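Novice: Need coordinates for the following:
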Amino acid sequence: MSMRLYGYSKAAVAAAQSEPVEMAEVTLCAGPLALRKIAAFLEEAARLMETMGPAFDHLHLADRCAGFGDAPAFVVSTPDQK
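Specialist: From the prediction side, this is the model:
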């Protein structure tokens, strides 16, 4: 199973860092409702990846689920993208 995690620190975003850093570990701090919404978002992303094939690029949680506009950006991409 192929999966990589990338991210930006708040300082990197403030400094307009253009390249994400590969992460060894992430911690998701969220309650049950947010976790269920994220799970549904991930299911939707997986379904779109399968149906769109190579045309799938990336998907933002805040664009698909209400209530995440002020949360850190959460983006799903294909395994071959960074």
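
Novice: who touches the helix or strand bottoming out on mean pLDDT in the chain?
Specialist: Within the chain, no helix or strand scores below helix 10-14, which has a mean of 82 by mean pLDDT, DSSP states H and E. The contact list for helix 10-14 (C-beta atoms under 8 Å, 6 or more residues apart in numbering) reads Val21. Every residue, glycine included, has its C-beta placed from N, CA and C.

Novice: Following element in sequence after it, please.
Specialist: strand 21-23 (DSSP states H and E).

Novice: Can you give the strand pairings for that following strand, parallel or anti for each?
Specialist: Taking DSSP bridges as the criterion, strand 21-23 forms sheet pairs with strand 5-7 (antiparallel).

Novice: got the contact list for the partner strand?
Specialist: Strand 5-7 has contacts (C-beta under 8 Å, 6+ apart) with Pro20, Val21, Glu22, Met23, Ala24, Glu25, Val26, Lys82.
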